[in-house]
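> Can you look at this prediction? I've put the sequence above it.
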Amino acid sequence: MEWTSTRVGRALRALPPLTTATAAMYGSGAVLLVAGAVWWTPGKNPRGVIAALALVAVLMFVWTLARGARFTVDEALAMTVVQLAIVGCLTWTTHLMLGAFANGTILPIVGVYTIWFLRPVVGRVVLYAGALWWLVAVLHHDRPTLVPFAASVLIQTVVATEVFARVKARMDRLARTDPLTGTLNRRGITEVLARELARATRRQRPISVVAIDLDGLREVNNAHGHGAGDDMLAAVTRHWIGGVRQHDSVGRTGGDEFLLVLPETTIEQARAIVDRLRAGSPGAWSAGVAMAKPEDSAESMLERADTRLYDAKASRQGV
């Protein structure tokens, strides 16, 4: 028994955050609805309605856990659409004014969930459309006393959603940024390469990468200290950032290793960009260029660029 509970606990801890949050939201809702159906008293929404909602919540909870790590953002979005539609319909049909207001109190929670786990633009459209549907359902009852409360819920929903959107955007930015140079870090530049390579493949457009290694950084660190080495890194990356195009990306993949992702760029154009960046650079560096082939993955592109970089470093002849 102890072994089984330990195994279940490990399985739950291994679930992705999206799955865990979705299961928690619908699971807690199912518990409350089941309790409401079991201990129902006259004057509430019909027991059958509450029981039906409890069944929907239980099914969503079970589906989420059953899908586990395979549970997708699209599934979560579809479930959110169903949830918000039910909230609006229940508010429209209820004869209880307190119930009409209370139905909307979940909107701020759904807003935080939506902006944190779903696609920002589509998630906002679904959330605010659902909130508007709930407001229309409240106004349908023609009870002026409910309007201030409904407005309060909507304001809380918007504030919670947009505040958490800013927090998440900042956290995402910090998680993908190298603190010393201000460029993308390994995670950030790898994501950019995967996205741009997929776009280039889909549109049959060229894309190139440049693997870069600073020359002499270790000697600078040994002779003048790591502060001088950091200054060199920062100066060189500022030079690159100022010299690439707006749609190009610069990322630091290691201590003295960097990667440029150059969309819409042939290998000849990439070499010309490297030559331009090398002119006036505050530090010496070697580079290897690779352009995507039809069968390429991000890994195979990087492998070719690294091979050419090592050849360039060995010969000290640049690209």
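Sure, I can see it. Numbers count the residues shown, from 1 in each chain.

> same for the helix or strand harbouring Val112, what does it pack against?
Val112 belongs to helix 107-117 when assigned by DSSP states H and E. In terms of contacts (3 or more C-beta pairs under 8 Å, 6 or more residues apart in numbering; DSSP states H and E), helix 107-117 is packed against helix 17-38, helix 73-93, helix 120-140, helix 146-175. Bear in mind the C-beta positions are built from the backbone N, C-alpha and C, glycine included.

> Next, Gln204: phi, psi?
When read as degrees, to the nearest 10, the backbone of Gln204 gives phi 60, psi 50.

> where does it land on pLDDT?
Per-residue confidence (pLDDT) for Gln204: 92.

> With Ala14 instead?
78.

> now swap in Gly280 and tell me
In this prediction, Gly280 carries a pLDDT score of 84.

> I'd assumed it was in a helix, is it?
No. Per DSSP: H, G, I helix; E, B strand; the rest coil, Gly280 lies outside any helix segment and is coil.

> pLDDT weak spots in the stretch 51-200 of the chain?
Within the stretch 51-200 of the chain, no range satisfies pLDDT under 70.

> now with 80?
95-102 (pLDDT under 80).

> need the contact list for the nearest residue to Val153 once chain neighbours are set aside.
Excluding the flanking residues, the one nearest Val153 by C-beta to C-beta, 6 or more residues apart in numbering is Gly104, at 4.5 Å. Contact analysis of Gly104 by C-beta atoms under 8 Å, 6 or more residues apart in numbering lists 87, 91, 131, 134-135, 138, 150, 153-154.

> Check Val236 too.
Under the criterion of C-beta under 8 Å, 6+ apart, the neighbours of Val236 are 214, 281-283, 285.

> tell me the phi and psi of the residue nearest to Val153?
Note on Gly104: backbone dihedrals following degrees, to the nearest 10 are phi -80, psi -10.
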